[in-house]
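# here is a sequence with its predicted model. Questions after.
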Amino acid sequence: MSSIQSFIKFVERSKTEIGAVDSENMDSVRMLIRMAIETYNMKTKVVEEKGNECQRVETLYLASISEENMLMRIAELALGSSDNARMEIVFSSNVVRSY
């Protein structure tokens, strides 16, 4: 089975678990990204911190460019386009690259 096939199956299965995924609801996309990180045993991590006024801020710490590309592909499949699939858009510019 090719990796693209497994990404498609992963996204389809995950979307049924978490519900609607669209560019208007980036929380659902971030949840999908967290699920992908766990499923594919990535070194990349999402850290949740408290921001201003008790808002939660999620920061994505990318471990490698290959993991970033995998996560972008998963986001593209979930959203149906690559326009909003960049990690900076999904995580509101809270992205740290450690590679």
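Looks like it arrived, so ask away. Predicted model, so just to flag it, every value in this text is computed and none were measured. Numbering: from 1, shown residues only.
# contact partners for Ser14?
The neighbours of Ser14, taking CB atoms under 8 Å, 6 or more residues apart in numbering as the test, are Leu32, Met35, Ala36, Ala78. Yep, even glycine has a C-beta here, placed from its N, CA and C like the rest.
# tell me how many other residues surround the third one.
Ala36: 22 surrounding residues under other CB atoms under 10 Å.
# ok, it to Leu77 distance?
Computed as CB to CB, to the nearest Å, the Ala36 to Leu77 distance reads 10 Å.
# okay, and the common contacts of the two?
Between them, Ala36 and Leu77 share no neighbouring residue, with contact defined by CB under 8 Å, 6+ apart.
# contacting residues for the one residue sitting closest to the centre of the chain?
Residue closest to the average C-alpha location in the chain (CA atoms, centre = their mean): Ile33, at 2.6 Å. Contact analysis of Ile33 by CB under 8 Å, 6+ apart lists Val46, Leu60, Leu71, Ile74, Ala75, Val90.
# doesn't the fourth one fall inside a strand?
No - secondary structure of Ile74, determined by DSSP: H, G, I helix; E, B strand; the rest coil: helix, with no strand assignment.
# next, count neighbours for it.
Around Ile74 there are 24 other residues, counting by other CB under 10 Å.
# now do Val57, the pLDDT please.
For Val57, the pLDDT comes out at 90.
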